[in-house]
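Kindly generate the corresponding structure for this input.
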Amino acid sequence: MAVVGVGIDVMEIDRFTKSLERRPRLAERCFTSAEAEYCHSRAFPPQHLAARFAAKEAVGKALGIGMTRWRQVEVIRGRGAPRIALHGIYAQRAAALGVTQVLVSLTHGDAVAMATATAVDDPVPGDTGLAAVAR
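Residues are numbered from 1 along each chain as shown. Below you'll find the model as predicted:
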């Protein structure tokens, strides 16, 4: 497995909360219904929305194209680590780069939310990914 690109982003939760209050349609423009539903099921939704916003920015950086179509990068939350689903131009860019997966990590505290994204190509057959680090 080879790393094709890496991105990172930090979002101030208070600043993001104020942006959502000033522009109520911002959340609708930036998040899929599944993302919004997950975030609004949590005790403090702005914290989770800010983390997803940071994740989308980090993915855009990892793919080298920035973010212009927010809903085309989707953070999917299930059991275990969050996953990224790419749609539209982001899926096309990933395919052009040979990216088969975008690994993402999200975190948040009281003041900030942060995300990293690592775009990777096809794994080496039989390689768990740990061997590549140890070489």
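
And the nearest residue in space to A85 that is not next to it in sequence, which helix or strand is it part of?
Nearest non-adjacent residue to A85, counting by C-beta to C-beta, 6 or more residues apart in numbering: E74, 4.4 Å away. Using the backbone N, CA and C atoms, a C-beta is placed for each residue, glycine as well. E74 is part of strand 73-76, with elements assigned from DSSP states H and E.

could you say what helices and strands that strand packs with?
On a contact count with 3 or more C-beta pairs under 8 Å, 6 or more residues apart in numbering; DSSP states H and E, strand 73-76 meets helix 33-40, helix 45-62, strand 83-86.

ranking the ones you listed by burial, who's on top?
Most buried of the helices and strands packed on strand 73-76 by mean neighbour count (mean count of other C-beta atoms under 10 Å) is helix 45-62; its value is a mean of 25.

Put the alpha carbons of that helix into PDB.
Taking Å, rounded to 0.1, in the frame of the first residue of the first chain, the C-alpha atoms of helix 45-62 are listed here in PDB:
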ATOM      1  CA  PRO A  45     -24.200  18.300  17.500                       C
ATOM      2  CA  PRO A  46     -21.900  21.200  16.600                       C
ATOM      3  CA  GLN A  47     -18.900  19.300  17.900                       C
ATOM      4  CA  HIS A  48     -19.600  16.400  15.500                       C
ATOM      5  CA  LEU A  49     -20.600  18.600  12.600                       C
ATOM      6  CA  ALA A  50     -17.300  20.500  13.000                       C
ATOM      7  CA  ALA A  51     -15.300  17.300  13.000                       C
ATOM      8  CA  ARG A  52     -17.000  16.200   9.800                       C
ATOM      9  CA  PHE A  53     -16.400  19.600   8.200                       C
ATOM     10  CA  ALA A  54     -12.700  19.200   9.100                       C
ATOM     11  CA  ALA A  55     -12.700  15.700   7.600                       C
ATOM     12  CA  LYS A  56     -14.100  16.900   4.300                       C
ATOM     13  CA  GLU A  57     -11.400  19.600   4.200                       C
ATOM     14  CA  ALA A  58      -8.700  17.100   5.000                       C
ATOM     15  CA  VAL A  59      -9.900  14.700   2.300                       C
ATOM     16  CA  GLY A  60      -9.900  17.600  -0.300                       C
ATOM     17  CA  LYS A  61      -6.300  18.300   0.700                       C
ATOM     18  CA  ALA A  62      -5.300  14.600   0.500                       C
END
